[in-house]
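Peer 1: Dropping a prediction and its sequence here:
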Amino acid sequence: MNDQKTILSIEPKANDEGDFTAFHQNNMIPVFGALPNEKVLCNIVENKGHKHKYQIQAWVSKVIKPSPHRITPPCGYFGNCTGCQWQHIDYSYQLKLKQSFIEICTKKYPNIRDMKISPTLPSPNLFGYRNHGRFTVREKGSLGFVNSVTKRFVRIEECLIMNKPINKIINTLQLNRVDTSQLSIRASSSTDSYLVQPKINFSEILFETGQKHYIETLKNKQFQVSSPSFFQVNTKQTEVMMDLIENALKLNQSDILLDAYSGVGTFPAIYSPLVKQVISLEESKSSTNDSEVNNSSIPNITIMTGKAEDLIGSLNNRVTKIILDPPRSGCAQNMLSAISSLQNIRLVYVSCNANTLCRDLSILVKNGFEIKKVQPIDMFPHTRHIECVVTLDKIS
């Protein structure tokens, strides 16, 4: 890794990865810690090897012409730690940037490029919102993160976006003999339940580790979440999103609701009283096992294990409402084809990846769906990441 310094002028818009960029030696490179239209003195980092996403990156060492939206980052680790990319940006402007990022991604697809994007819904909590953190462990049991630009390790005593139980566990484990290079911590702010994986085999650590699952609360319901299972990291904002989805679907007692990519069964548990039946599709066996525990007492939920695109053909067109909440890679093409063969459907697509979301929306619109509303929702304050809830109709 070679470092050099130069002055750069930042482009007025982010790229389609959400990075702020500048021209350097005929290359457009990402600049960590910058803002649109700023002039900054940067350290240029050249990464050798094919494993790096960018061969050349930069990070701001001095701001020459600041943006009016620049603030002092509240976290003392910002810059050395790159987990929060946007702590130097006023929060109201973060919300506007996330809205504009989705607009940028739509421009690749002519049939959706003019769709209206609603203003981003803010998070109830700007700090202390994460119920899950993954940490690197280095010599002498130091816990922290690896800088994505410099690849240097930074030890931390507190992470401002993690909830209080996680930070308490970090402080307890810090500088103890932790016999692993990576550590996953999940903890609830409402149940006092937590898990630490993998199990730490050190007698001086006087609390339990190696739990298989922990208990989280959503909408006054408790959910078992196993270590490998997916669960949204921002619990309070997830409740806001659930209200948003319920209002968009307009559920009634005659509906058969399909929840594809169902995870640990949170949507089925919350929406089952409002519909005739919920069909849950989930590929992960860990998540399916959790869902069976979480929904064992609800008679109108059917749980099916397997790839959504392989299972949807067996439903015989009985579905009236659909929730799609796929992984970052989006939906398989044959899944979109199967959904497009249905008529009189209201569909809500939930995505944390604007690029694959816009790709899939373009296909659905081409196949006869009409986009009714695009609602960004900030699930990840102080980062470039954005959740989006899109409502679509397919009318025969």
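Peer 2: It's in. Residues are numbered from 1 along each chain as shown.

Peer 1: what ranges of the stretch 151-300 of the chain fall below the confidence cut-off?
Peer 2: By pLDDT under 70, the weakly predicted segments of the stretch 151-300 of the chain are 203.

Peer 1: Strands of that one, residue ranges please.
Peer 2: 153-155, 182-187, 194-197, 213-218, 221-226, 256-260, 277-282 (DSSP state E, counting those that start in this stretch).

Peer 1: helices or strands next to the shortest one in the packing?
Peer 2: Here strand 153-155 touches strand 132-138, strand 142-146, going by 3 or more C-beta pairs under 8 Å, 6 or more residues apart in numbering; DSSP states H and E. For the C-beta atoms, the positions are set from N, CA and C on the backbone; glycine is no exception.

Peer 1: Check which helices and strands the shortest one sits against.
Peer 2: With contacts defined as 3+ C-beta pairs under 8 Å, 6+ apart, the packing partners of strand 142-146 are strand 132-138, strand 153-155.

Peer 1: Now the first one: buried residues?
Peer 2: By that I understand strand 132-138. Under the neighbour-count criterion of 16 or more other C-beta atoms under 10 Å, strand 132-138 has 132-133, 135-137 buried.

Peer 1: Export these as a markdown table, with columns for pLDDT and distance to residue 185.
Peer 2: Putting those into a markdown table (pLDDT from 0 to 100; distance: C-beta to C-beta, whole Å) gives the following:
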| residue | pLDDT | distance to residue 185 |
| --- | --- | --- |
| 132 | 98 | 7 |
| 133 | 97 | 5 |
| 135 | 97 | 7 |
| 136 | 96 | 12 |
| 137 | 94 | 12 |
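
Peer 1: Kindly report the domain assignment for the protein.
Peer 2: Domain ranges of the chain: 2-70, 100-124+234-394, 132-226, per automatic domain parsing.

Peer 1: how far is the first one from where the chain is centred?
Peer 2: Computed by C-alpha atoms, centre = their mean, to the nearest Å, the chain-centroid distance of domain 2-70 equals 24 Å.

Peer 1: With the longest one instead?
Peer 2: Taking C-alpha atoms, centre = their mean, the mean C-alpha location of domain 100-124+234-394 is offset from the chain mean by 14 Å.

Peer 1: Who are the contact partners of residue 42?
Peer 2: Neighbour list for residue 42: 5-8, 22, 31, 34, 58-61 [criterion: C-beta atoms under 8 Å, 6 or more residues apart in numbering].

Peer 1: Tell me the one of these nearest residue 118?
Peer 2: Taking C-beta to C-beta as the measure, residue 118 sits nearest to residue 34 out of those, at 26.9 Å.

Peer 1: Residue 84 is nearest to which of the domains of the chain?
Peer 2: Shortest distance between residue 84 and those, using C-beta to C-beta, is found for domain 100-124+234-394: 4.2 Å.

Peer 1: From the centroid of the protein, which residue is nearest?
Peer 2: Centrality entry for the chain: nearest residue to the mean C-alpha point is residue 352, 4.9 Å, by C-alpha atoms, centre = their mean.

Peer 1: pLDDT score assigned to the closest residue in space to that one that isn't next to it in sequence?
Peer 2: In space, and not counting its chain neighbours, residue 352 is closest to residue 387: 5.2 Å by C-beta to C-beta, 6 or more residues apart in numbering. Listed pLDDT for residue 387 reads 97.

Peer 1: neighbours around residue 387, how many?
Peer 2: Residues lying near residue 387 (other C-beta atoms under 10 Å) number 26.

Peer 1: Now do the contacts for it.
Peer 2: Residue 387 sits in contact with 237, 241, 350-352, 376-380, where contact means C-beta under 8 Å, 6+ apart.
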